[in-house]
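Asks: sequence plus the predicted model coming up.
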Amino acid sequence: MTTIAKPMVLPKRSLLSRWRRHRIAYAFIAPAVFIMLIIHIIPSLQAIYMSFLDLRTQNLLEYLGAPFVGLQHYQNIIASLFGSGTPLITNLGQSLENTFWYTAWVQTATLVFGTVLALLLNREFRGRGIARTLTMLPWVVPTFVTGIIWNFIFLQQGGLANRILVNWLHVADQPITWLINENARAAFIIATVWRGLPYATVTLLSGMQVIPADLYEAASIDGASSWQRFRYITLPLLKPLMVVITMFGVIFNFFGFGAYNIGVTLFGTDNLGRYVNLITINIVRQTFNNQLYGYGAAASVLLMLLAFVYVGLWYRVFRSSLRTEE
């Protein structure tokens, strides 16, 4: 009678023994953890506490000793999203809708044009190195400088955009007012896409360069066209990179201050009107112009929670795509 040997079960290490085993690794990451604690966690905890206070200019010197109002700021924010609430907090629902569509258009255009540009730069041609270097120039430019550059481009009189459309291509009969009304939304999106295009292009280009050439050769032998090779080889293998680009792009444009810096310098003010009033711009304007610091802290906390939800849902949906290459 044969006996089956049981697999040996290793005893679980205690927390102290694991710390001793990995103490060198912990020592290396300790400075980063300390810096994260100082510049992220502690300010975040202060912001959460400030959101429960009625902190205004009149009692700003009291800081964390300002009057406690509980969840009043959160109630006003939620009420303002549905068109009511205090008169000082307005247009939150409109700014949230603007931010959603702005981010959707920017991310779609960035991925489409980034893919096309990466495909062109992946080809062999004279001056390819110079072209790749020039592609990175918009990414080097700071976000507030991006707004200034495009402000000059979109000037109604003498701007480069109107000069191309009216004088050179004769597409328009008269100069277009880019920075007012509905055209302002298109101008804002174009400037933001120009700023984010290099990151998407270089990331996708690096992914294209590691795709084995044997796959394309085998597909060509089987009679696959260029579109079929892109659809069934290039696009599936670039999907993990596109997912990561989308995540960082949404964080930058929806939750971050990149769009704020571009918008304020592009239009010359933080009061951008109904078409380009984004959520971050609205929060900053209401916080500092109306001096509602407690409200600003509460709005920032809600935006932070929304960002956590987005990242969690993003990882849950695209987890399989990220593990495709493992």
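Replies: Structure's in. What do you need?

Asks: and the residue nearest the centre of the protein?
Replies: F252 (2.1 Å; Cα atoms, centre = their mean).

Asks: residues in contact with the nearest residue to that residue once chain neighbours are set aside?
Replies: In space, and not counting its chain neighbours, F252 is closest to G258: 4.8 Å by Cβ to Cβ, 6 or more residues apart in numbering. Using the backbone N, CA and C atoms, a C-beta is placed for each residue, glycine as well. Shown in contact with G258 (Cβ atoms under 8 Å, 6 or more residues apart in numbering): 143, 192, 195, 252.

Asks: among those residues, which are in helices?
Replies: Residues of those located in helices (DSSP state H): 143, 192, 195.

Asks: who's in contact with the last one?
Replies: When you say that, I think you mean R195. R195 neighbours (Cβ under 8 Å, 6+ apart): 138-139, 141, 143, 146, 258, 262.

Asks: most neighbours, which of these?
Replies: I262 (27 neighbours; other Cβ atoms under 10 Å).

Asks: isn't F267 right up against L179?
Replies: Yes. Contact criterion Cβ atoms under 8 Å: F267 and L179 qualify, at 5.8 Å.

Asks: overlap in contacts of those two?
Replies: N151.

Asks: nearest spatial neighbour of M242, skipping sequence neighbours?
Replies: M242 sits nearest to L111 (Cβ to Cβ, 6+ apart), 6.0 Å away.

Asks: T246 is in contact with the one you found, correct?
Replies: Yes. Taking Cβ under 8 Å as the definition, L111 is a contact partner of T246 at 7.1 Å.

Asks: host element of the closest residue to I89 other than its chain neighbours?
Replies: Spatially, and ignoring its direct neighbours in sequence, I89 is nearest to S80 (4.6 Å; Cβ to Cβ, 6+ apart). Following DSSP states H and E, the helix or strand that holds S80 is helix 72-81.

Asks: which parts of that helix are buried?
Replies: 72-74, 76-77, 80-81 (16 or more other Cβ atoms under 10 Å).

Asks: what helices or strands is it leaning on?
Replies: helix 92-121, helix 293-322 (3 or more Cβ pairs under 8 Å, 6 or more residues apart in numbering; DSSP states H and E).

Asks: just to revisit the earlier point, which residues do L111 and T246 both contact?
Replies: Counting by Cβ under 8 Å, 6+ apart, nothing touches both L111 and T246.

Asks: before I go, just wanted to say thanks for your time.
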